[in-house]
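Engineer: coordinates only, sequence not included:
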């Protein structure tokens, strides 16, 4: 982000936007032409996904197994959907059978690929194989760049992400993609000008016959930064990046169990890039977090909602996802448990 | 933006957010507690202004004297307002009498303070003195940091801006402010989760009793950058900054007239920070712009809509607003007119 800023209509910037969108397609495994970084944070990606696709009274089935599934319920209902919330115990993955049988003919089925609040990965491909005529919408905020994603192969119609997790750049952009099938069912004039895909088409994806149209001033510094982050990932190689995340997560999780701690996410559904672990009985969760921050400048997350003081969330994302860092975290946490 | 990133819940970042909001209050002349940088570009500020304040069927009078007034009509109507559009000839300021008599009892009156598309300033204070019970909404994207603004004194209830004009930092944030009077009339559950002021209150303004609540991940790099831009302005002194913009604009406009060119914006309503000038008959507008870009790396804007090839728009904003730069632009433009 320290490079000189480009004007938002500068040809160099437009080329950077194209290159960024191309790399997003590759990291997501999609050929969707309508793939672009929205000019806001990941949460606005969720907003864009729903506001552009929900017609009044549409049935939206949401798989809820964490905070971001809960947020989907809130957002979808604001946009006039009849929302069917399929609740899961926190720490467990999405039960595909329950979700796809929750309604005979939903317009949209929505799920979170990698739940940041619980450290759980769900099987989006299996949802796609059983979605019927529904559009499948996937939250990829914490999965993008940290684990394999094949949107087209899995049958995902709409996906969004964030720039600040495994892509390893600053927060401020929401990678977004939508299939032609979903785009054909879009809302013609959504109650959101800023995130209206009809208007954004010309802004970023050149779908207006080669002409770019002015919609809003693009956050050029952020886009160039995202481009650099993606280039770093492709320079290392996608498979290598994923293997590094997997190894770092495994080292961390093995170490936590070796310390006698209990992992929170269900075995077999654990994210490598975001590990959740139970706070041992009698330990002050906040004191440990403060100790780690003050002594090691190491930030680990609290749980959300009722899990606030019951679990810790430890991210190993982007260039921080290394086995060496996992060992640093483990020794720092042991120190904190001994002294906090 | 080249400083190391801060976590969005880091106390250092929260202090930076507070300092930024305080400086925004000073530059805007408001005591509104609910003053914050929204995590998106200026256009999202317009969206937030309307989606949080329009109840179904509300009457919104929009003063339209340029592209951004037109956009207000679009955005307000998407959110269910009965919009009364008071059209003005491009290049002229808002006719306060016509606007305030357009409806006997509107819920909202909206106008653009500094129209970027035409280079025109309008008298927001006079609108405020005659707004009656309506809420007054002002677009300050191009005025903030470039000319005096006194929102509270003028009676403005809701205002938004952008970071990339006279504040001189990267695009990506929308400074936003709302009075308690307007907030009391807000929509309880707007059709926009990302820009819902009920949720953003806890995120940024500490209105939940000292507790910050997690809403979305803040674009921390952008906020710190905006803070630095505001600090630069206050280090120079607001009056000095405004005087510098005024002098640069006057030098440019005097020089353009001395070259025999005709200014587009009506005399007495010309912005210093954004000058519009008519393209002389027989001159290829685009060729001149390309010549300036290629030879001088100098970007001047085309007009919008039907004025695309009829006017040029020349910005003198932020640290670029100097008399020396005005003379550089004038000599480059003379060269382009002679050779393009």
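Structural biologist: Noted; the coordinates are in hand. As the structure is a prediction and not an experimental result, all values here were calculated from the model.
Engineer: Mind picking out the helix or strand in chain A with the poorest mean pLDDT?
Structural biologist: The weakest-scoring helix or strand in chain A, judged by mean pLDDT, DSSP states H and E, is helix A:197-200 (a mean of 88).
Engineer: Can the helix or strand just after that one be said to contact chain B?
Structural biologist: Proceeding N to C from helix A:197-200, the next assigned helix or strand is helix A:220-236, under DSSP states H and E. Yes - contact of helix A:220-236 with chain B (CB under 8 Å from any CB of the partner chain) involves A:220, A:221, A:222. Yep, even glycine has a C-beta here, placed from its N, CA and C like the rest.
Engineer: Who are the packing partners of helix A:220-236?
Structural biologist: With contacts taken as 3 or more CB pairs under 8 Å, 6 or more residues apart in numbering or on different chains; DSSP states H and E, helix A:220-236 sits against helix A:11-28, strand A:34-38.
Engineer: What are the buried residues along the longest one?
Structural biologist: If you call a residue buried by 16 or more other CB atoms under 10 Å in any protein chain shown, then helix A:11-28 has these buried ones: A:13, A:14, A:16, A:17, A:20, A:21, A:23, A:24, A:25, A:27, A:28.
Engineer: Tell me the one among the residues you listed nearest to chain B.
Structural biologist: Within the buried residues of helix A:11-28, the smallest distance to chain B is 10.9 Å, found for residue A:13 (CB to the nearest CB).
Engineer: circling back: a markdown table for the helices and strands packed on helix A:220-236, including mean pLDDT and distance to residue B:67?
Structural biologist: Below are the helices and strands packed on helix A:220-236 laid out as a markdown table (pLDDT from 0 to 100; distance: least, CB to CB, whole Å):
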| stretch | mean pLDDT | distance to residue B:67 |
| --- | --- | --- |
| helix A:11-28 | 93 | 21 |
| strand A:34-38 | 94 | 22 |
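Engineer: Make CSV out of those and add distance to residue A:100.
Structural biologist: Below are those laid out as CSV (distance: least, CB to CB, whole Å):
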stretch, distance to residue A:100
helix A:11-28, 23
strand A:34-38, 26
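Engineer: Dump those to a markdown table, plus distance to chain B.
Structural biologist: Below are these laid out as a markdown table (distance: least, CB to the nearest CB, whole Å):
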| stretch | distance to chain B |
| --- | --- |
| helix A:11-28 | 9 |
| strand A:34-38 | 9 |
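Engineer: Indicate which one of these is closest to residue B:330.
Structural biologist: Residue B:330 lies closest, by CB to CB, to one member of the helices and strands packed on helix A:220-236: helix A:11-28, at 25.7 Å.
Engineer: List the residues that contact whichever residue of the stretch 51-200 of chain A sits closest to chain B.
Structural biologist: Residue nearest to chain B within the stretch 51-200 of chain A: residue A:172 (3.5 Å; CB to the nearest CB). With contacts defined as CB atoms under 8 Å, 6 or more residues apart in numbering or on different chains, the neighbours of residue A:172 are A:40, A:41, A:163, A:164, A:219, A:222, B:39, B:172, B:219, B:221, B:222.
Engineer: which of those residues lies closest to residue B:309?
Structural biologist: For those, the residue nearest residue B:309 by CB to CB is residue A:219; the value is 28.3 Å.
Engineer: hang on, the earlier thing: which one of the residues of helix A:220-236 next to chain B is nearest to residue A:194?
Structural biologist: When the residues of helix A:220-236 next to chain B are ranked by distance to residue A:194 (CB to CB), residue A:222 comes first, at 15.3 Å.
Engineer: And the closest one, how far from residue A:229?
Structural biologist: Distance from residue A:222 to residue A:229, counting by CB to CB, to the nearest Å: 10 Å.
Engineer: re earlier: is it possible to get the residues of helix A:220-236 next to chain B out as a markdown table so that each row also shows neighbour count?
Structural biologist: Conversion of the residues of helix A:220-236 next to chain B to a markdown table gives the following (neighbours: other CB atoms under 10 Å in any protein chain shown):
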| residue | neighbour count |
| --- | --- |
| A:220 | 24 |
| A:221 | 25 |
| A:222 | 26 |
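Engineer: Throw these into a markdown table and include pLDDT, thanks.
Structural biologist: Converted to a markdown table, the residues of helix A:220-236 next to chain B look like this (pLDDT from 0 to 100):
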| residue | pLDDT |
| --- | --- |
| A:220 | 84 |
| A:221 | 85 |
| A:222 | 88 |
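Engineer: you'd agree residue A:49 is up against residue A:176?
Structural biologist: Yes - contact criterion CB atoms under 8 Å: residue A:49 and residue A:176 qualify, at 7.5 Å.
Engineer: Find the residues that touch each one of the two.
Structural biologist: Joint contacts of residue A:49 and residue A:176 (CB under 8 Å, 6+ apart) are A:159, A:160.
Engineer: helix/strand/coil for the most centrally placed residue in chain A?
Structural biologist: Closest to where the C-alpha atoms of chain A average out (CA atoms, centre = their mean) is residue A:141, at 0.9 Å. Under the three-state scheme (DSSP: H, G, I helix; E, B strand; the rest coil), residue A:141 adopts coil.
Engineer: my guess is it meets residue A:117, correct?
Structural biologist: No - with contact defined as CB under 8 Å, residue A:141 does not reach residue A:117; the gap is 10.9 Å.
Engineer: Name the residues contacting each of the two.
Structural biologist: Residues touching both residue A:141 and residue A:117 (CB under 8 Å, 6+ apart): residue A:68.
Engineer: Model confidence for residue A:40, exactly?
Structural biologist: As predicted, residue A:40 sits at a pLDDT of 88.
Engineer: how about the closest residue to residue A:249 other than its chain neighbours, what does it touch?
Structural biologist: Nearest-residue entry for residue A:249: residue A:272, 2.6 Å, with adjacent residues in sequence omitted and distances by CB to CB, 6 or more residues apart in numbering or on different chains. With contacts defined as CB under 8 Å, 6+ apart, the neighbours of residue A:272 are A:146, A:147, A:245, A:246, A:247, A:248, A:249, A:250, A:316, A:321.
Engineer: In helices only, show me those residues.
Structural biologist: Counting by DSSP state H, the part of the contacts of residue A:272 found in helices is A:245, A:246, A:247, A:248, A:249, A:250.
Engineer: how about the residue in the stretch 201-340 of chain A that chain B sits nearest to, what does it touch?
Structural biologist: Residue of the stretch 201-340 of chain A nearest chain B, by CB to the nearest CB: residue A:219 (3.5 Å). Each residue near residue A:219 by CB under 8 Å, 6+ apart is listed here: A:39, A:172, A:173, B:41, B:170, B:171, B:172, B:222.
Engineer: Would you reformat those residues as a markdown table and include distance to residue A:92 and secondary structure?
Structural biologist: Formatted as a markdown table, the contacts of residue A:219 follow (distance: CB to CB, whole Å; DSSP: H, G, I helix; E, B strand; the rest coil):
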| residue | distance to residue A:92 | secondary structure |
| --- | --- | --- |
| A:39 | 35 | coil |
| A:172 | 32 | coil |
| A:173 | 31 | coil |
| B:41 | 39 | coil |
| B:170 | 42 | coil |
| B:171 | 42 | coil |
| B:172 | 37 | coil |
| B:222 | 36 | helix |
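Engineer: quick check, nearest of those to residue A:64?
Structural biologist: Distances from residue A:64 to these, taken by CB to CB, are shortest for residue A:173, at 25.9 Å.
Engineer: can you count the residues close to the closest one?
Structural biologist: Residue A:173 sits with 31 neighbouring residues when counted by other CB atoms under 10 Å in any protein chain shown.
Engineer: That one touches residue A:221, doesn't it?
Structural biologist: No - when contacts are counted by CB under 8 Å, residue A:173 is not listed as touching residue A:221 (10.4 Å).
Engineer: how near is residue A:263 to residue A:298?
Structural biologist: Per CB to CB, residue A:263 is found 19 Å from residue A:298.
Engineer: Report the beta-bridge partners for residue A:276.
Structural biologist: residue A:313 (DSSP bridges).
Engineer: what's the closest of the contacts of residue A:219 to residue A:88?
Structural biologist: Among the contacts of residue A:219, and counting by CB to CB, the member closest to residue A:88 is residue A:173, at 29.5 Å.
Engineer: list the contacts for that closest one?
Structural biologist: Residues near residue A:173 by CB under 8 Å, 6+ apart: A:37, A:38, A:39, A:40, A:41, A:162, A:163, A:219, A:222, A:223, A:226.
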